[in-house]
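[1] Kindly return the folded structure for what I paste below:
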Amino acid sequence: MTKLAIPMTVLTLAISFEGRAAEYPRPELLTEPAALAQKDAGQGFVILDARAKAQYEAGHVPGARWVDHAEWANSFGDGKDAGVWSKRIGSIGLTADSRVVVYDDNQAKDAARVWWILRYWGVKDVRLLNGGWVGWEKGKYPTERAEPAIKFSAFKAVAAPERMATKDELLKSLPGGTLQIVDARSEGEFCGVDTLKNKRAGAIPGAKQLEWVDLIEKDSQRFKSPTELKKLFDGAGIKLDRSTVTHCQSGGRASVMAYGLELMGAKDVRNYYRSWSEWGNADDTPVVKPNKK
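    Got it, this is the predicted structure:
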């Protein structure tokens, strides 16, 4: 493992980057690579790598533990299997009080899903690494290939139902518009042009559309500045002070949107995890096809 020798220029960057993170209403949700790379900084966190296993084995943030994002994505379901999730989360050595940093190389989409699932099952302090693996590599920070020893923990998964929305809840909210619905899919999916493999294509009536990837800087894979995020939300008609439900096709992109809203201070944000894979294939859900912007 490369020694964590941090030059003064990197320390200066760490201070400036942390200053930028502090501009967000919820800065505790985001960790900068420069700050995590400082000597002993990583010892206070459990670092999770949500990339493919082969990429993890080729090199990762020192001390990072691999988390099988694909398994997590396919296994969450309706969020009721607490026993299985107790073992799954315990197998990577987490407790409810662990301080966790998650990263990926997929514009935060995989890391945000892991973030959301951990928060749903009761891990209190989970944050994302700003820029993910791309940011770590660009900063030329230390890497290692060795896998850390992990001690199984007796984690007890306790669901937080207030973090997840269901189809029935959305259906009940539609007549009065009591929930702000944010569609994190592409414009083509939202307008019903891209059907994917769904029976029906289009949008939930009244939904606001903002594609998840618009929250991320393309090259750096960092979250956009608070000013830029506020402008995006305002432009889409999304109110940060409303009770909000995010959705996509299967929960991942919606997790990025939920994260971005919380980063910007939204307090009541739920992920309709089953998303369009359920809504677009059900027989009792209304679907509209909005015109393109």
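
[2] Apart from its chain neighbours, what residue comes closest to residue 265?
    Excluding its sequence neighbours, the residue lying closest to residue 265 (C-beta to C-beta, 6 or more residues apart in numbering) is residue 25, at 3.2 Å. Bear in mind the C-beta positions are built from the backbone N, C-alpha and C, glycine included.

[3] my read is the one you found is in a strand, agree?
    No: applying DSSP: H, G, I helix; E, B strand; the rest coil, one finds residue 25 to be coil, outside a strand.

[4] which ones are touching residue 43?
    residue 63 (C-beta atoms under 8 Å, 6 or more residues apart in numbering).

[5] Do I have it right that residue 64 meets residue 48?
    Yes: using C-beta atoms under 8 Å, residue 64 makes contact with residue 48 at a distance of 6.7 Å.

[6] all helices of this protein, in order?
    Counting by DSSP state H, the chain has helices at residues 8-22, 33-36, 53-58, 69-75, 82-90, 109-120, 132-138, 167-173, 187-190, 226-235, 252-263, 275-279.

[7] So for residue 64 and residue 48, which residues contact both of them?
    With contacts taken as C-beta under 8 Å, 6+ apart, residue 64 and residue 48 have residue 103 as neighbours in common.

[8] who's residue 244 bridged to?
    Residue 244 forms beta bridges with residue 180, residue 269, as assigned by DSSP bridges.

[9] And for it, the neighbour number?
    Residue 244 is flanked by 24 other residues according to other C-beta atoms under 10 Å.

[10] That one: what's it in contact with?
    Per C-beta under 8 Å, 6+ apart, neighbours of residue 244: 179-182, 238, 261, 266, 268-270.

[11] Format the residues you listed as JSON lines; extra columns: pLDDT, distance to residue 39 and neighbour count.
    Compiled in JSON lines, these are given as follows (pLDDT from 0 to 100; distance: C-beta to C-beta, whole Å; neighbours: other C-beta atoms under 10 Å):
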{"residue": "179", "pLDDT": "98", "distance to residue 39": "46", "neighbour count": "22"}
{"residue": "180", "pLDDT": "98", "distance to residue 39": "44", "neighbour count": "23"}
{"residue": "181", "pLDDT": "98", "distance to residue 39": "45", "neighbour count": "22"}
{"residue": "182", "pLDDT": "98", "distance to residue 39": "40", "neighbour count": "29"}
{"residue": "238", "pLDDT": "98", "distance to residue 39": "40", "neighbour count": "23"}
{"residue": "261", "pLDDT": "98", "distance to residue 39": "34", "neighbour count": "25"}
{"residue": "266", "pLDDT": "98", "distance to residue 39": "35", "neighbour count": "22"}
{"residue": "268", "pLDDT": "97", "distance to residue 39": "39", "neighbour count": "15"}
{"residue": "269", "pLDDT": "98", "distance to residue 39": "35", "neighbour count": "24"}
{"residue": "270", "pLDDT": "98", "distance to residue 39": "39", "neighbour count": "22"}
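
[12] Nearest to residue 154 among those residues?
    residue 270 (28.6 Å; C-beta to C-beta).

[13] Please name the nearest non-neighbouring residue to that closest one.
    Distances taken as C-beta to C-beta, 6+ apart place residue 165 nearest to residue 270, at 4.1 Å, with adjacent residues excluded.

[14] Residue 158 contacts residue 121, doesn't it?
    Yes: between residue 158 and residue 121 there is a contact at 6.9 Å, judged by C-beta under 8 Å.

[15] The one residue sitting closest to the centre of the chain and residue 55, how far apart?
    Nearest residue to the geometric centre of the chain (C-alpha atoms, centre = their mean): residue 112, 1.6 Å. From residue 112 across to residue 55, the span is 18 Å (C-beta to C-beta, to the nearest Å).

[16] Can you verify my assumption that residue 290 contacts residue 187?
    No: using C-beta under 8 Å, residue 290 makes no contact with residue 187, being 9.2 Å away.
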